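Q: Here is the input, now give the coordinates:
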Amino acid sequence: MKYQIGQQVWRASWTTTENYVTCPDCGGTGRIRVTFHDETQVSIDCQRCTYGYNTPTGTLKVYDRKAIAVPTTIIGMEVDGGKLKWKTNDCYQVDEVDLFDNEADCLKRAEVMAVEADAQEREKIQKKEKDTRSWAWNAQYHKREIKEAQKKIEYHTAKLNVATIKAKAAKTTGEK
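A: Purely as a prediction, here's the structure:
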C-alpha cells in the first residue's frame, strides 16, 4: 500500500470565489427579442439571468477555482466498487490520485482539477437550465395576456362611455 494510517499527506483540492459572467441568452441586456410568424417582435425578460422574483441582471453567477494543497492525515481506507479509497481527517473518501507525499505534486494535480471544474461549469451555463420551457412559450403567453387585457380595456371603456352619456342625459333632463 502506498499510504499508512496516521501518515501525513497532501490532498489536492481548490477554493472558490464568486464571479459573474455575461448571460449568454440576452448578452447582458436582461431582455430577449422574440419574432412571431407575422414578423411582429416583442421584448421579454430573460429568464436565464432572473433570480427569483427579481428583474433580470444580465449576468450569471459562476465560481472561479484556485488550486490548493491541503495537509491531512490518513485515518483509514475502504474498498468502494473494487477501488481503494482513503479516509482522511478532513474528507470521507479520497481517491489515491488526489493524495501526494509532497506539496508541489499536489498543487499540480489540484490545478488540473480546478481547471476541469471551471470548464464544466462554464459549459453548463451555455445550456438551458429548464429545457421544458421555451422562450417562444413565454412570448406567446404574454402576447395572449396583452390581447386579453386589450379586450378588457375596450369593454370597460365602452361601459364608461355609456355611463358618461347617461350621466349627461340625466343632468339635462333632471333624472338621477
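Q: can you pull out the helices in this structure?
A: 103-124, 135-173 (DSSP state H).
Q: for these, which one sits closest to Ile75?
A: Closest approach to Ile75 among the helices of the chain (Cβ to Cβ): helix 103-124, 18.1 Å. C-beta: built from backbone N, CA, C; applies to glycine.
Q: Return the residues in contact with Thr22.
A: Residues in contact with Thr22 (Cβ atoms under 8 Å, 6 or more residues apart in numbering) are Gly28, Gly58, Thr59, Leu60.
Q: Run a quick neighbour tally on the first one.
A: Read it as Gly28. Per other Cβ atoms under 10 Å, the neighbour tally for Gly28 reads 16.
Q: In contact with it, which residues?
A: Thr22, Gly58, Thr59.
Q: for it, phi and psi?
A: Main-chain torsions, Gly28, degrees, to the nearest 10: phi 90, psi 0.
Q: that older thread, can you list the contacts of Gly28 in a markdown table and add distance to Val79 and pLDDT?
A: What follows is those, written out as a markdown table (distance: Cβ to Cβ, whole Å; pLDDT from 0 to 100):
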| residue | distance to Val79 | pLDDT |
| --- | --- | --- |
| Thr22 | 46 | 93 |
| Gly58 | 49 | 94 |
| Thr59 | 45 | 94 |
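Q: quick check, nearest of those to Glu78?
A: Thr59 (42.6 Å).
Q: Now the closest one. Nearest residue, chain neighbours left out?
A: Residue nearest to Thr59 in three dimensions, not counting chain neighbours: Tyr20, with 4.1 Å by Cβ to Cβ, 6 or more residues apart in numbering.
Q: Neighbouring strands of the strand ranked longest in the chain in the sheet, and parallel or not?
A: Ranked by residue count and defined by DSSP state E, the top strand of the chain is strand 59-80. Using DSSP bridges, the strands paired with strand 59-80 are strand 8-22 (antiparallel), strand 83-88 (antiparallel).
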